[in-house]
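Enquirer: what follows is a predicted protein model with its sequence.
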Amino acid sequence: MTIERFEPGARMAQGVAYGDTVYLAGQVAADTVGTGVTAQTQAILGQIERLLAAAGSDKERILMATIYLADMGTFAEMNAAWDAWVSKDNPPGRATVEAKLAGPEYLVEIVVVAARSGA
Amino acid sequence: MTIERFEPGARMAQGVAYGDTVYLAGQVAADTVGTGVTAQTQAILGQIERLLAAAGSDKERILMATIYLADMGTFAEMNAAWDAWVSKDNPPGRATVEAKLAGPEYLVEIVVVAARSGA
Amino acid sequence: MTIERFEPGARMAQGVAYGDTVYLAGQVAADTVGTGVTAQTQAILGQIERLLAAAGSDKERILMATIYLADMGTFAEMNAAWDAWVSKDNPPGRATVEAKLAGPEYLVEIVVVAARSGA
């Protein structure tokens, strides 16, 4: 099986595919100025779709999502953005925990493992 | 490879199998009223066994477990329940960290990746 | 596909390979006396290399790394040790969050998923 990297940098790649399994790096919102949990979650989910598309996958084939919230008090707000986005016919596994993120401007971070074949 | 979902809901599935690899959603105890870490850990491990069985796997084929504790002060108590349950001949990888969970009633959450073939 | 365990104990294995995918248990520094984040990170990355070698993999084939820091204030210090070690030609996905670890002496913990074939 081949290993393919997407948006590789000197520190990490934004995604790595091994065979037909795709691992995305933890995604935080690229622009956090003046934004809240809703906007950051929507931005992150958009980034995930873009990275999955580059790897030949899509949100219907997400296997597992790990969501880190800087403040669990925003769980309902994150869920509203998630629920509006997630494939209701093809939902992934999910776990959500509270964790301080790389900077105080980051309110949400999402890690995804997805498939790029199958249905 | 096919993607199979177990106990799917509108927000997430409790498990997703991709080929022979099974990803379970973060499991918390279904009933937390008046329970402590021992009872919640035992309940979660039982839920994991049930979900793995539905997916054609079992605790002997867990590859990796990530355990989130609301209070690391309960590490020894969680470990006692874990040690009584885990397959000593077929132990998985494991990581345990402290994290606030979705509600204050949840003391433990466990995420598992397992195989459904091989030995 | 076969399941192989590396350094198995009664509670967990330090690594489990399923087919050509390798899951390492959360690695903390074996010796923490008087050490800081730099030394602990370097020690952990060395342990990861040793475990990956035992499993037939190497740092060039890490797919995803999850880094837990006891104090996000040490992010830059951890990154310096990481940047000096990571394969710049073959970087993995990565996520870093803050979490209290199993004991206060542990400042860093790293979880890795790697491939043992492919390039």
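Expert: Perfect, I can see it now.
Enquirer: alpha carbons only for contacts and neighbour counts from here, please
Expert: Will do.
Enquirer: buried stuff in the helix ranked longest in chain A?
Expert: Longest helix in chain A, counting residues (DSSP state H): helix A:37-54. By 16 or more other Cα atoms under 10 Å in any protein chain shown, the buried positions in helix A:37-54 come out as A:37-45, A:47-49, A:51-52.
Enquirer: tabulate those (TSV), appending pLDDT.
Expert: Shown next, in TSV, are the buried residues of helix A:37-54 (pLDDT from 0 to 100):
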residue	pLDDT
A:V37	98
A:T38	98
A:A39	98
A:Q40	98
A:T41	98
A:Q42	98
A:A43	97
A:I44	98
A:L45	98
A:Q47	98
A:I48	98
A:E49	98
A:L51	98
A:L52	98
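Enquirer: touching, A:G36 and A:Y106? I think so.
Expert: No - with contacts counted by Cα atoms under 8 Å, A:G36 stays clear of A:Y106, the gap being 9.2 Å.
Enquirer: who has more neighbours, those two?
Expert: A:Y106 (21 against 16; other Cα atoms under 10 Å in any protein chain shown).
Enquirer: ramachandran angles for the more buried one?
Expert: Torsion angles at A:Y106 (phi, psi; degrees, to the nearest 10) stand at phi -90, psi 120.
Enquirer: who touches the one helix or strand A:E7 maps to?
Expert: Using DSSP states H and E, A:E7 sits in strand A:3-8. Strand A:3-8 is contacted by residues A:13-19, A:51, A:54-55, C:61, C:90-92, C:118-119 when judged by Cα atoms under 8 Å, 6 or more residues apart in numbering or on different chains.
Enquirer: how about 7 Å then?
Expert: Outside strand A:3-8, the residues that touch it by Cα atoms under 7 Å, 6 or more residues apart in numbering or on different chains are A:A13, A:Q14, A:G15, A:V16, A:A17, A:Y18, A:G19, C:P91, C:G118, C:A119.
Enquirer: how far away is the closest residue to A:K59 other than its chain neighbours from chain B?
Expert: Leaving out its chain neighbours, the residue that sits closest to A:K59 by Cα to Cα, 6 or more residues apart in numbering or on different chains is A:E49, at 6.3 Å. Noted for A:E49: a distance of 17 Å to chain B, by Cα to the nearest Cα, to the nearest Å.
Enquirer: surely A:E49 touches A:E60?
Expert: No - using Cα atoms under 7 Å, A:E49 makes no contact with A:E60, being 10.0 Å away.
Enquirer: which parts of chain A sit against chain B?
Expert: Selection of chain A residues close to chain B by Cα under 7 Å from any Cα of the partner chain yields A:63-64, A:72, A:83, A:86, A:88, A:91-99, A:117-119.
Enquirer: buried members of those into ChimeraX, please.
Expert: With 16+ other Cα under 10 Å as the criterion, this ChimeraX line picks the buried residues out of those:
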select /A:63,64,72,86,88,91,92,93,94,95,96,97,98,99,117
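Enquirer: which parts of chain A sit against chain C?
Expert: A:1-3, A:8, A:10-16, A:23-26, A:99-102.
Enquirer: 8 Å - rerun?
Expert: A:1-3, A:5, A:8-18, A:23-27, A:99-102, A:111 (Cα under 8 Å from any Cα of the partner chain).
Enquirer: can you say which of those are buried?
Expert: Of the members of these, the ones counted as buried by neighbours, 16+ other Cα under 10 Å, are A:3, A:5, A:8, A:11-18, A:23-27, A:99-102, A:111.
Enquirer: which residues touch A:M72?
Expert: Here A:M72 is in contact with A:V97, A:E98, B:K100, B:L101, B:A102 (Cα under 8 Å, 6+ apart).
Enquirer: out of those, the closest to B:A76 would be?
Expert: B:K100 (17.9 Å; Cα to Cα).
Enquirer: and that closest one, what's its pLDDT?
Expert: B:K100 carries a pLDDT value of 98.
Enquirer: for it, give me its contacts.
Expert: B:K100 neighbours (Cα under 8 Å, 6+ apart): A:M72, A:V97, A:E98, A:A99, B:L69, B:A70, B:D71.
Enquirer: what is the nearest of those residues to C:E77?
Expert: For the contacts of B:K100, with C:E77 as the reference and Cα to Cα as the criterion, the closest is A:A99, at 19.1 Å.
Enquirer: setting the sequence-adjacent residues aside, check what's closest to the closest one.
Expert: Counting by Cα to Cα, 6+ apart, the residue nearest A:A99 is A:A70, at 5.2 Å.
Enquirer: just checking, the one you found touches A:E105?
Expert: No - using Cα under 8 Å, A:A70 makes no contact with A:E105, being 9.4 Å away.
Enquirer: show me where chain A has strands.
Expert: Secondary structure of chain A (DSSP state E): strands located at A:3-8, A:13-18, A:21-24, A:62-69, A:93-98, A:108-115.
Enquirer: can you give me the angle the second one makes with strand A:108-115?
Expert: Going by axes from the mean of the first three to the mean of the last three Cα atoms, to 10 degrees, strand A:13-18 is angled at 20 degrees with respect to strand A:108-115.
Enquirer: give the pairing partners of strand A:13-18; include direction for each.
Expert: Looking at strand A:13-18 with DSSP bridges, its partner strands are strand A:3-8 (antiparallel), strand A:21-24 (antiparallel).
Enquirer: sorry, back to before: between the contacts of B:K100, which is closest to chain C?
Expert: Chain C lies nearest to A:A99 out of these, by Cα to the nearest Cα, at 5.6 Å.
Enquirer: right, and that closest one touches A:I67 too?
Expert: No - contact status for A:A99 versus A:I67: not in contact, 9.4 Å apart, counting by Cα under 8 Å.
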